[in-house]
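Undergrad: Predicted structure and sequence below. I'll ask about it afterward.
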Amino acid sequence: VVRGGYGITVDPDNMRNQRNNYPSVINQDFKPTAQFQYITNSGVPQATLATGLPIPIPPNITVGKITSACPPIATNPTCSGAVATATTFAPSLSDGTFVPNIDRGYIQTWNLFIQREISSSMTAEVGYVGAHGLRLMMQANVNGSAPGTGNAGRYLYPYNTNDMNAYDPNGWTKYEALQAQFRKRFFGGSSVLIVGYTFSKAENNINGDNGDGTLWRPWPVNPKLSWGLAGFDRTHNMNISYVLAVPIGNGHRMFNHGVAAQIAGGWQFSGTLSKYSGDPFSIGSSIASNAGGSTQSANQINPVVNILGGHDSLDPYFDGTAFGNPATNTLGTTERNIVRGPGFFNTDMRIQRTFGLLKEGKLKFTLLGEAYALTNTPNFANPGTTFNTPVTTNGAISSYNGYSVITSTVVGGTTTGARQLQVGARITF
């Protein structure tokens, strides 16, 4: 059997960012000048436990616009001492904006599969899957600056000296994959084995996994440098699932009646096994680039980055000497998401025994035991990614300062690899 498909859909982003920016959302911090003192912010009534929190001061949007608090540049070129009011914003405000006449983009998907029935109980399929996203909603910093120019080099200086992320259709994504699946049924279809494998590559220019992502290298630095592996890219992905109903007892050929059926029948084993590649990460640097809006990265010294596989504070996961710090007021040469982290492994299993309490299966009692992360295999988080020089004591490395070494496991659900066991029972009628 040969089958294929094509689909196109508008970018499904829900425009939540339109409600998450100033002045739709206002954040006002009230704090005393010293510990144990009352709040004495200018223009704010003194707050006590009796009076409660100060009433927020909303901006005045009746005039139709909110402008910078900067005085005329002719009289104050650096906008020093500017104070926000109900109709103006402080130059240091980091906010979002929206391009006029947003032309929301779209996502195209297509696939082509070949499926073969090898026997009456065995099938296999292989196919190609692709997707391409154009003009997807994302955040693009429109108030960046060139390396070495700092805030004074921002486009909107001195009116705004912080990031100004424009929410606009500037995102691009690409996904291609080879997918294969093998399926085998046993014992008249009561048991099944499924093996699936995907070899894929996902790329985008969004430094994040959704519409909240930003450009890694905004203007005036070349935005094309933001293109790279997506943060969720996994090269290899294999999943095995199975259900094994022991072919003994009522309804089966073996021991289908009597005491033997009651003892040996009704058993079922099921489970899953997952193994896939780690996600990619970038190599950063703490050297100041003074490039507003850009993410600093390290310089790549060695084009080959050896994966050493260590997973403790004194055994590096990758060869950190392949990178180095850039010079001050410059951006590093490494691209985004160039090293891949440790992979993931997990297997879950369930054993259950069903007892028929009435004839014709009208009342059943089931005991079951479940094991999550059965092998108790830890899944490690990505290593430290900010370049640092190791500390040497008596000629030996005593610390990597967190760089290139793994110090934690993946957090969330059963993904840490910590085994969890549980038992239960149910009655069906």
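TA: All right, it came through fine.

Undergrad: Report the separation between the nearest residue to Ala381 once chain neighbours are set aside and Ser274.
TA: Leaving aside its sequence neighbours, Ala381 sits nearest to Ser408 (Cβ to Cβ, 6 or more residues apart in numbering; 4.7 Å). Using the backbone N, CA and C atoms, a C-beta is placed for each residue, glycine as well. Using Cβ to Cβ, to the nearest Å, we find Ser408 at a distance of 20 Å from Ser274.

Undergrad: who has more neighbours, the two?
TA: More crowded of Ser408 and Ser274, by other Cβ atoms under 10 Å: Ser274, with 16 against 12.

Undergrad: pLDDT averaged over the particular helix or strand that has the more buried one in it, what's the number?
TA: Taking DSSP states H and E as the definition, Ser274 sits inside strand 267-276. Taken as a whole, strand 267-276 has a mean pLDDT of 94.

Undergrad: repeat for stretch 34-50
TA: On average, stretch 34-50 scores 64.

Undergrad: Quick one: end-to-end distance for that stretch.
TA: 20 Å (Cα to Cα, to the nearest Å).

Undergrad: go on, stretch 385-404?
TA: First-to-last residue span, stretch 385-404, Cα to Cα: 6 Å.

Undergrad: what about that stretch, average pLDDT?
TA: 92.

Undergrad: Same check on stretch 204-220?
TA: On average, stretch 204-220 scores 84.

Undergrad: Adjust the sequence numbering to begin at 13 for everything that follows.
TA: Got it, first residue is 13 now, which makes that one stretch 216-232.

Undergrad: Can you list the buried residues in it?
TA: Neighbour counts using 16 or more other Cβ atoms under 10 Å place 216-219, 223-232 of stretch 216-232 among the buried residues.

Undergrad: next structured bit after the longest strand that the chain contains?
TA: In the chain, with assignment by DSSP state E, the single longest strand is strand 176-198. Later in the chain than strand 176-198, the nearest helix or strand by DSSP H and E is strand 203-216.

Undergrad: Quick check: next helix or strand after that next one?
TA: Next element after strand 203-216 (DSSP H and E): strand 240-241.

Undergrad: quick revisit: can you list the neighbours in contact with the following helix or strand past the strand holding Ser286?
TA: As assigned by DSSP H and E, the chain's next helix or strand after strand 279-288 is strand 292-293. Strand 292-293 is touched from outside by 240-241, 243, 245, 349-353, 394, 397, with contacts defined as Cβ atoms under 8 Å, 6 or more residues apart in numbering.

Undergrad: Identify the residue with the minimum pLDDT among those.
TA: Ranking the contacts of strand 292-293 by pLDDT, Gly243 lands last with 91.

Undergrad: Next one: that one relative to Ser106, how far apart?
TA: 22 Å.

Undergrad: higher neighbour count, the two?
TA: Gly243 (18 against 14).

Undergrad: Apart from its chain neighbours, what residue comes closest to Gly225?
TA: Ile218 (3.6 Å).

Undergrad: Same question for Pro35.
TA: Pro71 is the one closest to Pro35 (Cβ to Cβ, 6+ apart), at 4.6 Å.

Undergrad: wait, Ser325 sits on Tyr412?
TA: Yes. Counting by Cβ atoms under 8 Å, Tyr412 is a contact partner of Ser325 at 6.9 Å.

Undergrad: re the thing from before, OK, contacts around the residue nearest to Gly225?
TA: Residues near Ile218 by Cβ under 8 Å, 6+ apart: 148, 150, 183, 185, 225-227, 238, 242.
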